[in-house]
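Student: the following block contains a protein sequence and its predicted model.
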Amino acid sequence: MNDWPDGWNGDRADRGERYGRGSAGAQPDGVRAMPHVQRRAVPQQQSQGYDEGYAQPPGGGDGYNTGQVYGTPADRGRGGQPPTVPPQGSYNGGGRSPDHAPDWRRRIKITAISLVTVVLVVSIGTYFWADSKLKREVDLAKVIERPKAGDGTNYLIVGSDSREGMTDEEKKDLHTGSAEGKRTDSMMILHDGSNGPTLVSLPRDSNVVIPSFRGSESGKMFPNQGRETKLNAAYAEDGPELLVRTVEFNTGLRIDHYVEIGFAGFANIVDAIGGVELDIPKAFKDEKSGADFKAGKQTLDGEQSLAYVRTRYAFAGSDLDRTKNQQKFLAALASQTATPGTILNPFKLYPTMGAGLDTLIVDKDMSLWSLSQMFFAMKGVTGGDGTSMNIPISGSKGGNLVWDKTKVDQLVKQLNNDEKVTVSSN
């Protein structure tokens, strides 16, 4: 059975060698003669660069195109120039060719900018967070008849026996007792100047004169009656403002900033940094403070640290020996806190800052920058860049310690002039 249409059988011979559908001839259509058509000559045009370097075919202007580009200049490219063809491997069509190398310099630049931005935002946020937690409660503007300011910055650092916010269990664990109100357990002047920091302890039993003063709450004036008492009594009588007034009156040294921390804050800071390593030269024990230490290097937690700085009855020098231990401990605390392990570790830095700032009381003009300067000055005392000493003592009067007036005047003069301290304590 033949499936081909009539006249078709797939065999050229059977079809008479006909070419093309419907062709009746034995030759291809292209071989048949066609009528001659005269081609009109094309005018010669100026080459635009595409056919430069090509030889003219024989016959010259035969009317055939030899690569000549036709059209207007706008069709060929901007300004009459041929369109630019991008080189192989270049950026084309909104995508990147497979062989295009990554721009590492650009990536590194973006990464660096991002990191700097993150660090800046975190730093600024931390600064304002910490600054907002400062308790600026002491108004030094209420202090009257103040000495002239000298060179450098003077901080009055006070450790109070405030039990505010402590539970009964904490009072028992820390051996603080349950006395109402608060008193000063330690007082120090920290001078920060160009000749290194100087830390001067003021024993709480120092014999001082309470000068004239204006009541911090009442605003009432109280005249100088020549009353002599212990230094810590000034704090108990009218708070930080009278303490500053009394220190300035009896030393002649202007206090620029006031910093106070209570029992709970002190212990919490130590615990937040994981304890403070201290070398205790001689074992001692004191039931009142709860101290019980062996000789040698050891790490003190918050409870032990508080007992260490409060002990005085276990020493022959009583309050004078206690102030030396307080200086030693505070310097060690500052040195071990200002380490990369604490500053660069947010899980350690924020608890440490929070523990201190929650119970820290400062003057109204204290900035976070000034507080950090005080902290690093304290660290400098431990690092050997500064001096630590007790205020010079000449004797005692009624159980109170009497300052050596000649040496104290010389010490204050050196601090006011920001000179190297050559005065020594007894």
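Tutor: On my side now, so go ahead.

Student: residues touching Ile343, list them.
Tutor: Going by Cβ atoms under 8 Å, 6 or more residues apart in numbering, Ile343 touches Leu349. Just so you know, the C-beta spots here come from the backbone N, C-alpha and C atoms, and that holds for glycine as well.

Student: what are the phi and psi values at it?
Tutor: Phi and psi for Ile343, reported as degrees, to the nearest 10, are phi -70, psi -40.

Student: so it versus Gln336, what's the distance?
Tutor: 12 Å (Cβ to Cβ, to the nearest Å).

Student: swap in Thr387?
Tutor: Counting by Cβ to Cβ, the gap from Thr387 to Gln336 is 20 Å.

Student: surely Lys288 meets Tyr313?
Tutor: Yes. Here Lys288 reaches Tyr313: they are 5.9 Å apart, a contact under Cβ atoms under 8 Å.

Student: what ranges do the helices span in the protein?
Tutor: 73-76, 104-133, 168-173, 231-251, 263-272, 302-310, 319-337, 340-343, 346-357, 368-382, 405-416 (DSSP state H).

Student: closest to Met187 out of those helices?
Tutor: helix 231-251 (6.6 Å; Cβ to Cβ).

Student: just the mean pLDDT for the closest one, thanks.
Tutor: Mean pLDDT, helix 231-251: 95.

Student: start at 41 instead
Tutor: Let's use 41 as the start, then, which means that last one is helix 271-291.

Student: and that helix, what's buried?
Tutor: Buried residues in helix 271-291, counted by 16 or more other Cβ atoms under 10 Å: 271-275, 278-291.

Student: ok, stretch 170-178 next?
Tutor: For stretch 170-178, burial by neighbour count (16+ other Cβ under 10 Å) applies to 170, 174, 178.

Student: now stretch 156-165
Tutor: Of the residues in stretch 156-165, none is buried (16+ other Cβ under 10 Å).

Student: using PDB, write out every CA atom in that stretch.
Tutor: Output of stretch 156-165 as PDB, limited to C-alpha atoms (Å, rounded to 0.1, in the frame of the first residue of the first chain):
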ATOM      1  CA  VAL A 156      33.300  50.500  63.900                       C
ATOM      2  CA  THR A 157      29.600  51.500  63.800                       C
ATOM      3  CA  VAL A 158      28.600  48.600  66.100                       C
ATOM      4  CA  VAL A 159      31.400  49.400  68.600                       C
ATOM      5  CA  LEU A 160      30.500  53.100  68.600                       C
ATOM      6  CA  VAL A 161      26.800  52.500  69.200                       C
ATOM      7  CA  VAL A 162      27.500  50.000  72.000                       C
ATOM      8  CA  SER A 163      30.000  52.400  73.600                       C
ATOM      9  CA  ILE A 164      27.700  55.400  73.500                       C
ATOM     10  CA  GLY A 165      24.800  53.300  74.800                       C
END
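
Student: got any ranges where this protein has weak pLDDT?
Tutor: Scanning the chain for pLDDT under 70 picks out 41-141, 201-223, 466.

Student: ok, the closest residue to Lys173 other than its chain neighbours - contacts?
Tutor: Nearest-residue entry for Lys173: Leu397, 4.0 Å, with adjacent residues in sequence omitted and distances by Cβ to Cβ, 6 or more residues apart in numbering. Counting by Cβ under 8 Å, 6+ apart, Leu397 touches 170, 173-174.

Student: same deal with Tyr195?
Tutor: Here Tyr195 is in contact with 229-232, 295-299, 414, 417 (criterion: Cβ under 8 Å, 6+ apart).

Student: ok, 7 Å please
Tutor: Contacts for Tyr195 (Cβ atoms under 7 Å, 6 or more residues apart in numbering) come out as 230, 296-297, 299, 414.

Student: out of these, who's nearest Ala371?
Tutor: Nearest to Ala371 among the contacts of Tyr195, with distances taken as Cβ to Cβ, is Leu230, at 10.4 Å.

Student: what's the neighbour count on that closest one?
Tutor: 24 (other Cβ atoms under 10 Å).

Student: show me what it is bridged to.
Tutor: Beta-bridge pairing of Leu230 under DSSP bridges involves Tyr195, Leu239.

Student: could you verify my assumption that it touches Leu242?
Tutor: No. Leu230 is beyond contact range of Leu242, at 11.3 Å (criterion: Cβ atoms under 7 Å).

Student: which outside residues touch stretch 239-252?
Tutor: 224-230, 261-264, 266-272, 274, 285-286, 289-290, 359-360, 363, 366-367, 421, 426, 428-431, 437, 440-443.

Student: that stretch: which residues count as buried?
Tutor: By neighbour count on 16+ other Cβ under 10 Å, the buried set for stretch 239-252 is 239-248, 250-251.

Student: before we move on, what about stretch 228-238?
Tutor: 228-233, 235-238.

Student: nearest to Asp341, of the residues you listed?
Tutor: Distances from Asp341 to the buried residues of stretch 228-238, taken by Cβ to Cβ, are shortest for Met228, at 23.0 Å.

Student: which non-adjacent residue is nearest the closest one?
Tutor: Among residues not flanking Met228 along the chain, Ile197 sits closest, at 4.6 Å (Cβ to Cβ, 6+ apart).

Student: how about that neighbour, what does it touch?
Tutor: Contacts of Ile197 by Cβ under 7 Å, 6+ apart are 228, 230, 299.

Student: turn those into CSV, columns for distance to Leu318.
Tutor: Formatted as CSV, the contacts of Ile197 follow (distance: Cβ to Cβ, whole Å):
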residue, distance to Leu318
Met228, 18
Leu230, 20
Val299, 22
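
Student: wait, which of those is closest to Ile164?
Tutor: For these, the nearest to Ile164 is Val299 (23.9 Å; Cβ to Cβ).

Student: and that closest one, how many neighbours?
Tutor: 22.

Student: next, name the residue at the spatial heart of the protein.
Tutor: Centroid-nearest residue in the chain: Ser163, 4.4 Å away (criterion: Cα atoms, centre = their mean).

Student: separation between that residue and Val156?
Tutor: Taking Cβ to Cβ, one finds Ser163 at 10 Å from Val156.

Student: got a list of what Glu288 touches?
Tutor: Counting by Cβ under 7 Å, 6+ apart, Glu288 has contacts 186-187, 294-295.

Student: tell me which of those residues fall in strands.
Tutor: Judged by DSSP state E, the subset of those located in strands is empty.

Student: and those, which are buried?
Tutor: Applying 16+ other Cβ under 10 Å to these flags 294-295 as buried.

Student: got TSV for the contacts of Glu288, with distance to Ile313 too?
Tutor: Shown next, in TSV, are these (distance: Cβ to Cβ, whole Å):
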residue	distance to Ile313
Arg186	36
Pro187	36
Arg294	33
Ile295	28
